[in-house]
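Asks: Need the 3D shape of this:
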Amino acid sequence: MTSETEVLYNARCPVCRAEIDHYAGYAARHTLPITFHDLNSHALEHWGISADAAARRLHVRRDGRIASGVEAFVMLWAAMPRYRLLARVVALPGLRQVAGVIYNRLLAPRLYARHLARERRNCRNVTL
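Replies: Numbering: from 1, shown residues only. As a prediction, this is how the structure comes out:
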């Protein structure tokens, strides 16, 4: 029996959406048991994560376990044959910690700040 891998991502983030669209296309072409959920939809209710926490980094669930950040990418890549080697390499001791620091201190905060700025702009553009 193959376990399904579920991905929770921010489709309003252009960088996140482009990367996930790539993975979703690959998964669809190879009929992999991976589903992708936009955190801006009703799917968030089933994750037990706040919208703010979900917007801060990628989340992946498999076999009831939820991972975020680099751990989530490793879990996602491990579910796709083309990316399994990348998952193994990034999961190596030392490299996993370096990747975590880069993601948690540089990439994720920058993407999250851009997300907040987009949300503020969108709120100002709303007319009643």
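Asks: what helices or strands is the helix or strand of the chain with the lowest mean pLDDT leaning on?
Replies: Taking mean pLDDT, DSSP states H and E as the measure, the chain has helix 108-124 as its least confident helix or strand, at a mean of 87. Contacts defined by 3 or more C-beta pairs under 8 Å, 6 or more residues apart in numbering; DSSP states H and E place helix 108-124 against helix 51-56. All C-beta atoms are positioned from the backbone trio N, CA, C, and that covers glycine.
Asks: roughly how far is the helix it packs on from the heart of the chain?
Replies: 10 Å (C-alpha atoms, centre = their mean, to the nearest Å).
Asks: Also stretch 83-96?
Replies: A distance of 17 Å separates the centroid of the chain from that of stretch 83-96, by C-alpha atoms, centre = their mean.
Asks: Between the two ends of it, how far is it?
Replies: End-to-end distance for stretch 83-96: 16 Å, by C-alpha to C-alpha, to the nearest Å.
Asks: contacts for that stretch?
Replies: Applying C-beta atoms under 8 Å, 6 or more residues apart in numbering, the external contacts of stretch 83-96 come out as 70, 73, 74, 75, 76, 77, 78, 99.
Asks: Could you point out which of those residues is nearest to residue 7?
Replies: Closest approach between the contacts of stretch 83-96 and residue 7, by C-beta to C-beta: residue 76, at 6.0 Å.
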